[in-house]
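Chemist: Everything below, folded, please.
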Amino acid sequence: MTAAVPDSWTELCLIGIKRESDSSEVQFAGVTEDISGMDFGEKEVEGKALVNGGRVVQKTPMTDESITLKVYPVSADLDGTGVMQHMHPQSSDDTTNPIAVLNSNLREKHRVVIVWSTTLPATAEAATTLGEPAYRITISNAYCTKVVPGFDDKIVSAEVTFKWTPFTKAAVANKLEESTDHTVALAEVSASPTSITG
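Modeler: Numbering: from 1, shown residues only. Below is the predicted model of the structure:
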C-alpha cells in the first residue's frame, strides 16, 4: 500500500549541510519546530500614481533569503557535532583534537538541503523512497552568517543562520523546492554544492 500525502509535515525532517570545499554531506539531526526562521525573501511591487489618476506597477528586485536552524553543538569539529568552522572557516580544516577555531575573515559557500517524507532517506540529499510522498528544499551558494550560542532548557544550543541571494550573478536560481506524491521518487541532489542544476 502506498502512503498518502499527509495533511501537514510535522516533527521530523533531515537537514544536510555541504561545504563547497568538502564532498561529504553533514547531517544536522532536525526537529521541525527548531527551524526557527525561514525567510524566503520578498518580491515587492509599488504603485506609482499617474497624472491621469491611473497607476503603474514598479517592481522591486527580490530580497535575500535566509534560514535559521537551532542545533545542539557538542564540539568545534566539522563532522556534524559542531558549527563554528562553518561560520569561521580555517585556512586548513581542523579535525584533529584538540580542535581550535579562531575567528576568521574567510567565508565558504554551503548547500543546505531539508527533506520531509513519510519515510526519510538515508541522507537529506539522497533519493527519496518510491511509494512515499516527500517535500524537499535545496539551497545553494549559502553563507553561514550568524551563530548565536544559548543555554535554553539548560542544554547548550546555537541558532545558526545561513543566508543567500535568490539568484547567482548569471541569474540562476539558488533555491529549489520540489515535492512528490507516491508515484515517483525525488532524484538524488546534484553532487555540486554550489549548483542546483548540476
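Chemist: Give me the mean pLDDT for stretch 60-77.
Modeler: Summarised as a single mean, pLDDT over stretch 60-77 is 92.
Chemist: And for stretch 155-169?
Modeler: Taken as a whole, stretch 155-169 has an average pLDDT of 92.
Chemist: how far is that stretch from where the chain is centred?
Modeler: 7 Å (CA atoms, centre = their mean, to the nearest Å).
Chemist: same thing with stretch 101-113?
Modeler: On the basis of CA atoms, centre = their mean, stretch 101-113 sits 14 Å off its chain's mean C-alpha point.
Chemist: Give me the below-cutoff pLDDT ranges for this protein.
Modeler: When residues are selected by pLDDT under 70, those of the chain lie in 1-2, 29-34, 191-198.
Chemist: All the strands of it, residue numbers only.
Modeler: Listed in chain order, the strands found in the chain under DSSP state E are 12-19, 26-31, 35-39, 45-49, 55-59, 65-71, 109-117, 134-150, 157-164, 175-180.
Chemist: Dump the third one to PDB, restricted to CA.
Modeler: Okay, so that is strand 35-39. Included here for strand 35-39 are C-alpha records, laid out as PDB according to Å, rounded to 0.1, in the frame of the first residue of the first chain:
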ATOM      1  CA  ILE A  35      13.700  25.600  12.300                       C
ATOM      2  CA  SER A  36      13.100  28.900  13.800                       C
ATOM      3  CA  GLY A  37      13.200  31.200  10.800                       C
ATOM      4  CA  MET A  38      12.600  30.700   7.100                       C
ATOM      5  CA  ASP A  39      12.800  34.000   5.300                       C
END
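Chemist: for that strand, which positions count as buried?
Modeler: Residues of strand 35-39 classed as buried under the neighbour-count rule (16 or more other CB atoms under 10 Å) do not occur. Placement of C-beta: from N, CA and C, glycine included.
Chemist: So what sits opposite the residue most central in space within the chain in the bridge?
Modeler: In the chain, the C-alpha nearest the mean C-alpha coordinate belongs to V112, at 3.2 Å (CA atoms, centre = their mean). Counting by DSSP bridges, V112 is bridged to I17, I139.
Chemist: Show the contacting residues for the closest residue to E177 other than its chain neighbours.
Modeler: In space, and not counting its chain neighbours, E177 is closest to I137: 5.2 Å by CB to CB, 6 or more residues apart in numbering. Under the criterion of CB atoms under 8 Å, 6 or more residues apart in numbering, the neighbours of I137 are V112, V113, I114, V115, K175, L176, E177.
Chemist: quick check, nearest of those to L186?
Modeler: L186 lies nearest to V115 out of the contacts of I137, by CB to CB, at 7.8 Å.
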